[in-house]
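*Asks:* let's see this in three dimensions:
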Amino acid sequence: MKRFYIFLIFLISTSFSLKMFAYTVVVNGKPWYEEFYSNRISDDSKNLWIATSQGIIKYNKSTGDACNVASEVGGTLESTYTAVEVNSDGVVCYSEDKNYEMSKVWDGESLIEYGSFSCWGSAYSFAINSKGDVWASLLGRYFPPLDSADHNIGYGTSNMVSSSVQTAIMDMAFDSNDRLWIAMYGDYDYLGYHNNSTTNSTVYVGENPTGVSEKMITSIAIDNDNNIWFASEDGINCYYQATGEEVCMTKEQYPAMLENRYYGNDIDDNGNIWFTSENNLLKWDGTQFTTYTCPVYQEARSMLCDGDIVWVLLKNDTLLKFKNNEFEAIDLTPAITKDATIPRGIELDKNAFGIPVDQLGFDTSSTFTLSFWVNPKLFNHSIFVNKGGTNFLSIRDISQGWPNSDYGYVWSQIGNTSEQNFGNRIIIDTRIGMSGGATSIELSPIQFNALEWKHFSFVFDVEDNHRKILLYVDGVPSYKINDIDITQTSWSENNIIMIGGARYNLAPMEAYLDKVQLYAKALTQTEVKESMKVPLLSDPSLLGYWNFEFGNTIDEEGYMLSDNGSIKAAMYKILSLGGVSSEIDIIPFAYGKGVMDDKKENTLQSVEQSFSEKEQTKAYLSNKMLYIENAEGVNSIVVYDTMGRVITSTNANGVSSVQIALPSTIKGVIIVKVDSDIVKLILD
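*Replies:* Numbering: from 1, shown residues only. Here you go, the predicted model:
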């Protein structure tokens, strides 16, 4: 009834004809263009902005942090969003899929609406010209920037007078001459541009012939020669602006196109044209099409080219990252529903995660434990046919040259081609002298598979002046090194504790790594099992902990500080000469898949109304004061911002309640570690 009254008021107060409200083609109970909108991913260089079924997600491409920012830009968290566009200046353009809504632009301080009472509906596209001016669309109208006299009225398209199909502008883009191009859905025209020299003028270059199925364009991309690329029912189309010619490439000509309707498209830095259909990704390199897909690739609509990455958004709010011909699925649901942070680790990609020992104060007799979760993407044993195996953990000084550059204090590998050590078994060695080493013995057989998370704890102990190394796999003792007199092996201050990386005649590990912990003592089996879930934060021997979840502090040299202090680690690319490791380069961290919920530490709990309760710990906020209560006592508290920087910390010595004053400048989300519990709070 409410909609009927508004409609009557609209008819009385405007001079538009009834033809503007023509019938809409319906697919699965929804207007066609609502089912297939494609402009739902944008990029400000650092973050992806994603219009989802419930809110706008801001996804940090470096750290993998994802959060729902709809309310921060004036929108509604629960709304479905039909389009989003951003620029590097922080301007966010979006539209909510609501009745009688207008296009909205958030400039960082205020919310601006495009259109007027007589012009409303969902927007499916925005465009930003070279000067940073925002043009917006609403169904069949498009609107110039705020400083234009036609800002509230906009320009209509020919399809608005259709008697059978309601028009929708599905996409807009500027060419290199700042000419605005418009892709439309409707009876009459499907492609045109705005003529700046005449008022209210749209020049149409693509017309739907009478009696022929309409071209329903959902996305356009403009190449370096200002040619307009788009897909429709008849195939992949290109309009050559210089000649006025339109060419259509069909699946009969190019079978790799498959039997699909393509929706979103974009152009990468190398000039390749990319398209997405429901079930596959398609690339045109100028001569041929290539098709890519994966099992989860279903009901895709939107895509974005970003350097050597192609991002694809599925209808179920899953984000696909396509890089090096491989897909990685990123579930945005936790960020959308505010249930948790998406699990995140780092991707080794044949490099090594390394901890320099010169900051630790270790020597030959030191006891310590290194624990981590690892998920191998694949095993490359076969790339070294004569030897086989994949490098795993090593502690070595590459600057010393052969053999310490590839062996050193301890080394280990997965797999070997010999009859005694076949498959994906672990082999651990430690050097007795410069001429040889001592090999571990297997205590408990393990099955180490690719694409499976396993937890490893290397425990370095000393007993009766003899070194002992014990490996726990998923908390079970699995390998033990032969006891060796510790005086026979020297310790170098240039050693680096390395997980992965290249080593002589061994393949480098390609794997995801998460939850790295370093302790200055030999953990017991009970402690190992406890640390699999959460780090032993109250244990003073915990030197460093890297969980990669909340953003990390990287110094100017590229070292990543641990979550709980100043111990640093780096990602190392290991260079070789004649197969022997000779140098190392510090390279940027690459973030990737983290430990899944059933094996990771306590999941962060987001809160409503600035209150959270996790197990026995209660934490809440009032007037910039953080209150923490636990009847069993609180020992340590560390407060982080979302980038992993420590805001404040304190030791509570077992008291049941603590009050901490927070800086007045802190806003938004904070992460609070209370002993082994982790909670997330929102400051107003």
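
*Asks:* what about E109, which SS state?
*Replies:* coil (DSSP: H, G, I helix; E, B strand; the rest coil).

*Asks:* measure it to C93 for me?
*Replies:* From E109 across to C93, the span is 15 Å (C-beta to C-beta, to the nearest Å). Yep, even glycine has a C-beta here, placed from its N, CA and C like the rest.

*Asks:* the two: which has the busier surroundings?
*Replies:* C93 (28 against 6; other C-beta atoms under 10 Å).

*Asks:* pull out the buried positions in the host helix or strand of the more buried one.
*Replies:* C93 is part of strand 92-96, with elements assigned from DSSP states H and E. Judged by neighbour count using 16 or more other C-beta atoms under 10 Å, the buried positions of strand 92-96 are 92-96.

*Asks:* looking at those residues, which is nearest K515?
*Replies:* V92 (34.0 Å; C-beta to C-beta).

*Asks:* confidence score at that closest one?
*Replies:* With respect to pLDDT, V92 has a value of 89.

*Asks:* contacts only, for it.
*Replies:* Counting by C-beta atoms under 8 Å, 6 or more residues apart in numbering, V92 touches 49, 56, 73, 84-86, 105-106.

*Asks:* next step: those residues restricted to strands.
*Replies:* 49, 56, 84-86, 105-106 (DSSP state E).

*Asks:* most neighbours among those residues, which one?
*Replies:* I56 leads these on contacts (other C-beta under 10 Å) with 29 neighbours.

*Asks:* show me what that residue is bridged to.
*Replies:* With DSSP bridges as the criterion, I56 is bridged to A51.

*Asks:* can you start the count at 690 instead of 1 from here on
*Replies:* Noted, 690 is the first residue going forward, which turns the last one into I745.

*Asks:* go ahead and confirm it touches E774.
*Replies:* No. Under the criterion of C-beta atoms under 8 Å, I745 makes no contact with E774, lying 11.2 Å away.

*Asks:* overlap in contacts, these two.
*Replies:* Joint contacts of I745 and E774 (C-beta under 8 Å, 6+ apart) are 738, 781, 783.

*Asks:* for Y803, give its distance to N1005.
*Replies:* 30 Å.

*Asks:* which one's more surrounded, those two?
*Replies:* The neighbour count for Y803 versus N1005, taken as other C-beta under 10 Å, is higher for Y803 (27 against 14).

*Asks:* tell me the one of the buried residues of strand 781-785 nearest A1200?
*Replies:* V781 (36.5 Å).

*Asks:* how close does the closest one get to D796?
*Replies:* From V781 to D796 the distance is 8 Å (C-beta to C-beta).

*Asks:* also E1272?
*Replies:* For E1272, the distance to D796 - C-beta to C-beta - is 48 Å.

*Asks:* equivalent analysis for T1242, please.
*Replies:* 30 Å.

*Asks:* again with Y1248
*Replies:* 37 Å.

*Asks:* got it, and L1159?
*Replies:* Taking C-beta to C-beta as the measure, L1159 falls 59 Å from D796.

*Asks:* quick one: which of the two has more around it?
*Replies:* When L1159 and D796 are compared for neighbours, L1159 comes out ahead with 22 against 15, by other C-beta under 10 Å.

*Asks:* got the domain ranges for the protein?
*Replies:* Per the record, the chain has its domains at 707-857, 1035-1282, 1300-1372, by automatic domain parsing.

*Asks:* select, out of these, the one closest to Y877.
*Replies:* domain 707-857 (4.8 Å).

*Asks:* where do the helices sit along the stretch 1090-1239 of the chain?
*Replies:* 1214-1222 (DSSP state H, counting those that start in this stretch).

*Asks:* now do the strands in the stretch 1040-1189 of the chain.
*Replies:* 1041-1045, 1057-1067, 1079-1085, 1099-1103, 1115-1120, 1126-1131, 1143-1152, 1155-1162, 1165-1170, 1173-1174, 1185-1189 (DSSP state E, counting those that start in this stretch).

*Asks:* list the pairing partners of the fifth one within its sheet, with orientation.
*Replies:* Spelled out, that is strand 1115-1120. strand 1099-1103 (antiparallel), strand 1126-1131 (antiparallel).
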